[in-house]
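# return atomic coordinates for the entry below.
(one chain, ligands or ions: 1)
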Amino acid sequence: MIIVATSIYGEYEAYLPQILEEMMNKIRVINQEYKENRNCKLYEHLIGRIKTENSMREKCQRKGLAMSTKNALWEIKDAIAIRVVCGFVDDIYTMVEQLRALSGWRVIQEKDYVKNAKPNGYRSYHMIFDIVTKFPDINGRQPGHYYLEVQLRTIAMDSWASLEHEMKYKHDIKDPEKITKELKRCADELASCDISMQTIRQLIHEED
Ligand code: 0O2
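Here you go, the predicted model:
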């Protein structure tokens, strides 16, 4: 018997990296134009990813959804995701407005964990867009619609989230309450540094 392993993304799998690249390019153009007009960049770096097969299957399971292509691409909305890592908190909000203005991008969900941090200290601005692409979609449309998640954070927020994410998967933590408390303290200290850096930038600009 031959077992053919099929991706949870089915026939749409090959489109996903192409869509991701196209959408990242749109964000690169925003940065380029901003640099030309204002002589400063809007973000430090950009990361894109297609959710791995394992991670998508785990998420379907966690949400009580069947492991189908429809659920992976339509019910779960972060198969395609971009992270924009900014230098300053203000730049997050400038970028949010620029993304909102992109043609073919429609915001369907927004969560401001920068102003309203999660209880564990997690900070980031999350947006889910319905984007129009040149590819067919799961609902039989062409041009097809896909979801794209964009997370916007400062460098400090990103460092914290990466380390916290890594540590969460270590199961041999002896005193989880203490660790949670320490992580929260670190997140708040980093947020306070972000505010200071923002203030310093404003002071420098006032001197210009
Ligand atoms: P990964 O590894 O990024 O793929 P949902 O997206 O529906 O599961 P929710 O709560 O509605 O859950 O979405 P939310 O709060 O917008 O968070 C979704 C994503 O934000 C997560 O995706 C993480 O990337 C990130 N995130 C949220 N909370 C935390 C946190 O406390 N710590 C860290 N490090 N990241 C967080 P995934 O699919 O869980 O993971």
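
# output the helix or strand E166 falls within in CSV with nothing but the alpha carbons.
Per DSSP states H and E: E166 is located in helix 155-168. Only the C-alpha atoms of helix 155-168 are listed here, as CSV (Å, rounded to 0.1, in the frame of the first residue of the first chain):
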residue,chain,number,x,y,z
ILE,A,155,12.5,45.3,19.3
ALA,A,156,12.1,45.1,23.1
MET,A,157,8.7,43.5,22.9
ASP,A,158,10.0,41.1,20.2
SER,A,159,12.9,39.9,22.3
TRP,A,160,10.7,39.3,25.3
ALA,A,161,8.1,37.4,23.2
SER,A,162,10.7,35.2,21.6
LEU,A,163,12.4,34.2,24.8
GLU,A,164,9.1,33.7,26.6
HIS,A,165,7.8,31.5,23.7
GLU,A,166,11.0,29.4,23.9
MET,A,167,10.8,29.0,27.7
LYS,A,168,7.1,28.1,27.6
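
# what residues does this structure have near the ligand?
K51, S55, K59, D78, K111, K118, N120, Y122, H126, A161, E164, H165 (C-beta under 6 Å from any ligand atom). Every C-beta, even on glycine, is put in place using the N, C-alpha and C of the backbone.

# and these, which are buried?
K51, K59, D78, Y122, H126, A161, E164 (16 or more other C-beta atoms under 10 Å).

# now, which of those residues lie within strands?
H126 (DSSP state E).

# got the buried ones among the residues of the chain next to the ligand as CSV, with pLDDT columns?
Listed next are these as CSV, based on pLDDT from 0 to 100:
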residue, pLDDT
K51, 98
K59, 97
D78, 98
Y122, 97
H126, 98
A161, 96
E164, 90
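
# show me the residue at the heart of this structure, geometrically.
Q151 (2.6 Å; C-alpha atoms, centre = their mean).

# that one should be in a strand, yeah?
Yes. According to DSSP: H, G, I helix; E, B strand; the rest coil, Q151 belongs to a strand.
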